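Student: Pasting a predicted model and its sequence here:
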Amino acid sequence: MTPIRILITDDHLIVREGLRLILETADGYEIIGEASDGAECLRLVPELNPDVILMDLQMPGMDGITTIGHLRRDHPEIAIVILTTFNEDEMMLRGLQAGARGYLLKDTDRQSLLDTITAASRGETLLKPEILSRVMALQQKPNVSSSSDDSPLTDRELEVLQAASLGERNKEIAYKLGISERTVKAHLTSIYQKLGVDSRAAAVAIATKKDLFHR
């Protein structure tokens, strides 16, 4: 099996070393480079061609959100996983809206880290319930709109997206809802078009911000 090629982008050396130690001792993962800020990450990407980038959000110079925007525009095939802390919820949401395919907390356990990277490399997103609840809490902010007229989703599309937000794969969603995988993919395509996004994580972030799961 070809290993997942990973580029770590974080301004803290101790974080990069910790991630390298974890990933180098796990089968199926290869650290191909490290960047200390967004600008360095963008310089390395054409040369290294990573499958997944682990992206810190708060860095000196070019921050993570700005970097994600450049990557989604110029290298949409690369999966981006946000590295965040509990105090960065608003930035985390912005990062997902910018195009990241997933995110994890810096104090996450080893298996969650590996599972998140693997899911991202497949174009999937693992949203742990406790993390999702923090994103959903942002819907209480005054600037959050809950208008059902703004890119409304059908009841079935909401069911599909809610299942996706829990990390369920297309096959699992299809079984759960009694529909085909092809139909699940069609619903996801429709959801992305309506919400103006290109990933599950971004769709969940938008739906949460608009309170669509509680219509």
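Tutor: Great, that's in hand.

Student: Next, the buried residues of the longest helix anywhere in the chain.
Tutor: Using DSSP state H to define each element, the chain has its longest helix at helix 181-195. For helix 181-195, the neighbour count (16 or more other CB atoms under 10 Å) marks Thr183, Val184, His187, Leu188, Ile191, Tyr192, Lys194, Leu195 as buried. Placement of C-beta: from N, CA and C, glycine included.

Student: which secondary structure elements does the following helix or strand past that helix contact?
Tutor: Helices and strands here follow DSSP states H and E; after helix 181-195, the next one along the chain is helix 200-209. Secondary-structure packing of helix 200-209 (3 or more CB pairs under 8 Å, 6 or more residues apart in numbering; DSSP states H and E): helix 89-98, helix 129-137, helix 155-165, helix 181-195.

Student: what does the longest one contact?
Tutor: When contacts are taken as CB atoms under 8 Å, 6 or more residues apart in numbering, the neighbours of helix 181-195 outside the stretch itself are 151-153, 156-157, 160-161, 164, 170-171, 173-174, 177, 198-200, 202-203, 206-207.

Student: If any of those are buried, give me the PyMOL selection for them.
Tutor: Applying 16+ other CB under 10 Å to those, the buried members can be selected in PyMOL as follows:
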select buried, resi 151+153+157+160+161+164+170+173+174+177+199+200+202+203+206+207
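
Student: sorry, back to before: and the angle from the longest helix of the chain to helix 89-98?
Tutor: 110 degrees (axes from the mean of the first three to the mean of the last three CA atoms, to 10 degrees).

Student: Kindly format the C-alpha coordinates of helix 181-195 as PDB.
Tutor: C-alpha atoms of helix 181-195 as PDB (Å, rounded to 0.1, in the frame of the first residue of the first chain):
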ATOM      1  CA  GLU A 181     -24.600   4.700  -2.400                       C
ATOM      2  CA  ARG A 182     -25.200   6.400  -5.700                       C
ATOM      3  CA  THR A 183     -28.100   8.200  -4.300                       C
ATOM      4  CA  VAL A 184     -26.000   9.300  -1.300                       C
ATOM      5  CA  LYS A 185     -23.400  10.700  -3.600                       C
ATOM      6  CA  ALA A 186     -26.100  12.600  -5.600                       C
ATOM      7  CA  HIS A 187     -27.500  14.100  -2.400                       C
ATOM      8  CA  LEU A 188     -24.000  15.200  -1.300                       C
ATOM      9  CA  THR A 189     -23.300  16.800  -4.700                       C
ATOM     10  CA  SER A 190     -26.600  18.700  -4.400                       C
ATOM     11  CA  ILE A 191     -25.700  19.800  -0.900                       C
ATOM     12  CA  TYR A 192     -22.300  21.100  -2.000                       C
ATOM     13  CA  GLN A 193     -23.900  23.000  -4.800                       C
ATOM     14  CA  LYS A 194     -26.600  24.600  -2.600                       C
ATOM     15  CA  LEU A 195     -24.100  25.600   0.100                       C
END
